[in-house]
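In: heads up, no residue letters with this:
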């Protein structure tokens, strides 16, 4: 009797197990995350994971403009000082509790508390970008932010992935003593398990309140998912990650090099997807260097390089050369920004003569952490040599190069700027007073003035004019040579559907579907 | 014996002190700091200042050392700058992974290599000797990562018998755990076979030429008795030293293999800590590694008298 009962139980359990087969996606992560606290102790992988768990009031759309996410709409006062966010009704946190303006205020007060060490606090406390002077909640579904002066980047900064998208958290995310526990957000996935050095697991948020749009749109739109579970496996070695994909130990690689992409694309069971991002790979000049302070020498180097050919070789044709800090994918990138440095060896020879250059060696710093940066240095060295410019490569470990960048201690440097989702942020990364911040590359008072205007201005037409001016001046001054915008390349097994890369080089796994376990 | 062990352990204290001071100083001489690496190219002066202050990096170096050292003396190795995990449990957890693989691999390698070396020495200049020496030289010449990748390709991708990535501990799922560590163990065993075989062969050749072996044979002892009872025992001491060195070396991290097989071991932890300038983790790892070296060498010294009666403790 007992045996029959146990057998029946086992059979029914097996049947139930079959009926509830899970939809599981296994993704390779090239390094472990640093923490699960949005925008605190972060790096790009931490941001990528947290953006699946938490959501902010606004978020980036597919075209890198900003649209509402937890907010139903956003109203900006005529003087540009007051931002009123009306929250969507019926949104629930992953612990089942409803989202109200109280949680929004709690989250933002925590973000702005210096003890939190939120990466983006300077963008909102007056140290860098905007200054929030007041936050209030007139009713349970309305939040009002007041700034000290107009700021064209307020919404953009709010949505930045490095700020964790300013994801709104439930207060139960922290312990009674204020220490971090785990994120309780409103995103389509909740945090399952994080085994440091091994994997991060996300589970579907069954209570997810999706927006009304029919489809996902960047980090906003309808973000409902069919995946039950996502396991992000830490696989630091690219060869091992490739092997894992080929053996179906993982379904998706989200960070593939152009070389591997070409190889993987030849496999009939693998699909490769790519799109341009807003990161910038550039050649920096130290404009205070005794040799390179002469703009004619910098111009000579710029005209010695066939950017189109270099970029074609570096990216396998996936990216086009872009000599502007305004990314190719930005809606601010127009015909003006297309005007870059022409490849003109005759002009190079003339400029070198005028500058009195006699083949003095110029050190070009590269690193091997970012293969594209090293390769770019090699191409640049070869092309410069053809024009009689003596570049010497100096290969440094990434941390050492970063220190040299920060201190301005270099002649030339091939450098990867991480993506800035607004041209004002891109220009801000390299424009400024070198006496105050040695890392700044371009120290031109006019440019600094135009940049300040672009950061303050909210009107798109006026901002466009300012970015055009900045670009044209930068081409004249040649403090650096932006070469091209990076590429987000993903490779997946053929049964992975819905994967889309976009200008923000981070995955959006809610768009992805895979067959249930056992069927692939 | 007890006095010997106590003396050796006591001698390790100044070594550990010196190492901790050197590690502390050297890692800070390397350009770049954790705050800078955390903020990357977005590091503005204010954010950098705040981050450095929060990590205690704004204090003078001697003060930083004293704070860390005082905590170490009370058993607190601090917290990881990268993940904020407590360093001691973190490194012990990771060390277990590496130690399990290394101990099994070295044991297997020794069990195969020592008899193989002895047999090759016994049949010196024969086809068997040539085969053993050639195989050992080949294995000695293969880089571990390349062999690992080959095995991954064959058994993971082509045959699909074993998983290519991942790790679970034996406590969680023993069979699954085994499937994850088979390839790393095989790789490491094969790589270490070469050196141990060659050392075992060279030592055995020397011993087999000695007069007491001739005497043993003249006494009418069987070749088996000559080899196992006399030649092996007396020729094993140098091989044991080598095994000790290999063990100490491998226990300090098999970072390359751990990266290829995505194992969360101490080697990978250390490499990650170097790249991230995670000072507390790196300092903790190196202290542990130094201590392990001391222990392994002590163990070898304790085993020596078993094989070489001339050595007295």
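Out: Received the coordinates, thanks. The structure displayed is predicted, hence computed values, not measured ones.
In: Find the nearest non-adjacent residue to residue 140, please.
Out: Picked chain A for this. residue A:100 (4.4 Å; C-beta to C-beta, 6 or more residues apart in numbering or on different chains). For the C-beta atoms, the positions are set from N, CA and C on the backbone; glycine is no exception.
In: To clarify, I was referring to chain B.
Out: The nearest residue in space to residue B:140 (C-beta to C-beta, 6+ apart) is residue B:194, at 3.2 Å.
In: Show me what whichever strand or helix holds residue B:240 is packed against.
Out: Under the criterion of DSSP states H and E, residue B:240 resides in helix B:233-251. Applying 3 or more C-beta pairs under 8 Å, 6 or more residues apart in numbering or on different chains; DSSP states H and E, one finds that helix B:233-251 makes contact with helix B:87-122, helix B:174-208, helix B:279-307.
In: Touching whatever helix or strand comes next after it from outside, list them.
Out: Later in the chain than helix B:233-251, the nearest helix or strand by DSSP H and E is helix B:255-260. Defining contact as C-beta atoms under 8 Å, 6 or more residues apart in numbering or on different chains, one finds that helix B:255-260 is touched by A:236-237, A:239-240, B:97-98, B:144-145, B:148-149, B:152, B:184, B:187-188, B:263-265, B:267-268, B:270-271.
In: can we see that at 6 Å?
Out: A:236-237, A:240, B:144-145, B:148, B:184, B:265, B:267-268, B:271 (C-beta atoms under 6 Å, 6 or more residues apart in numbering or on different chains).
In: quick check, nearest of those to residue A:397?
Out: residue B:271 (11.8 Å; C-beta to C-beta).
In: and that closest one, how many residues sit next to it?
Out: 18 (other C-beta atoms under 10 Å in any protein chain shown).
In: so what's it closest to, chain neighbours aside?
Out: Per C-beta to C-beta, 6+ apart, closest to residue B:271 is residue B:255, 4.7 Å.
In: Name the nearest residue to the residue in the stretch 51-200 of chain A positioned nearest to chain B, sequence neighbours excluded.
Out: Residue of the stretch 51-200 of chain A nearest chain B, by C-beta to the nearest C-beta: residue A:197 (3.5 Å). Computed as C-beta to C-beta, 6+ apart, the closest residue to residue A:197 that is not its neighbour in sequence is residue B:264, at 3.5 Å.
In: from memory that neighbour sits against residue A:198, does it?
Out: Yes: between residue B:264 and residue A:198 there is a contact at 5.3 Å, judged by C-beta atoms under 6 Å.
In: and the residue nearest to residue A:197, what does it touch?
Out: Neighbours of residue B:264 in contact, by C-beta under 6 Å, 6+ apart: A:197-198, B:94, B:97, B:167.
In: Just give me the neighbour total for residue A:356.
Out: For residue A:356, using other C-beta under 10 Å, the count is 10.
In: Check residue B:8 too.
Out: So residue B:8, with other C-beta under 10 Å, has 16 neighbours.
In: what about it, distance to chain A?
Out: 33 Å (C-beta to the nearest C-beta, to the nearest Å).
In: so what pLDDT did the residue nearest to residue A:140 get?
Out: Model confidence at residue A:100, given as pLDDT, is 97.
In: Relative to residue A:171, how far out is it?
Out: As judged by C-beta to C-beta, to the nearest Å, residue A:100 and residue A:171 stand 11 Å apart.
In: Look at those two and report which has more neighbours.
Out: The residue with more neighbours, out of residue A:100 and residue A:171, is residue A:100; 18 against 13, by other C-beta under 10 Å.
In: thinking that one is in contact with residue A:142, fair?
Out: No: with contact defined as C-beta under 6 Å, residue A:100 does not reach residue A:142; the gap is 9.9 Å.
In: just for chain B, where's the confidence low?
Out: Chain B contains residues with pLDDT under 70 at B:253, B:309-313.
In: Break it down into its structural domains.
Out: B:2-73, B:88-307 (automatic domain parsing).
In: for chain B, what are the nearby residues on chain A?
Out: Chain A comes close to chain B at residues A:34, A:117, A:122, A:127, A:196-198, A:233, A:235-237, A:239-240, A:243-244, A:246-247, A:249, A:399-400, A:402-403, A:417-418, A:437, as judged by C-beta under 6 Å from any C-beta of the partner chain.
In: coming back round to it: could the helices and strands packed on helix B:233-251 be laid out in a markdown table, adding distance to residue A:282 and mean neighbour count?
Out: Shown next, in a markdown table, are those (distance: least, C-beta to C-beta, whole Å; neighbours: other C-beta atoms under 10 Å in any protein chain shown):
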| stretch | distance to residue A:282 | mean neighbour count |
| --- | --- | --- |
| helix B:87-122 | 37 | 21 |
| helix B:174-208 | 41 | 21 |
| helix B:279-307 | 31 | 19 |
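In: any idea how far the residue nearest to residue A:197 is from residue A:33?
Out: Applying C-beta to C-beta to residue B:264 and residue A:33 gives a distance of 14 Å.
In: Please list the residues of the stretch 151-300 of chain B that sit near chain A.
Out: B:152, B:156-157, B:163-165, B:167, B:259-260, B:262, B:264.
In: at 7 Å what do you get?
Out: When proximity is defined by C-beta under 7 Å from any C-beta of the partner chain, the stretch 151-300 of chain B lies next to chain A at B:152-153, B:156-157, B:160, B:163-167, B:259-260, B:262, B:264, B:269, B:275, B:277.
In: For chain B, what's the nearest residue on chain A?
Out: For chain A, C-beta to the nearest C-beta, closest residue to chain B: residue A:399, 3.1 Å.
In: where does that residue land on pLDDT?
Out: 89.
In: same thing with the one 10 residues further on?
Out: In the prediction, the pLDDT value recorded for residue A:409 is 96.
In: Equivalent analysis for residue A:355, please.
Out: Per the predicted model, pLDDT is 96 at residue A:355.
In: which element is the closest residue to residue A:138 other than its chain neighbours on?
Out: Leaving out its chain neighbours, the residue that sits closest to residue A:138 by C-beta to C-beta, 6+ apart is residue A:144, at 6.5 Å. Assigned by DSSP H and E, residue A:144 belongs to strand A:142-147.
In: wait, is residue A:136 part of a strand?
Out: Yes: assessed by DSSP: H, G, I helix; E, B strand; the rest coil, residue A:136 belongs to a strand.
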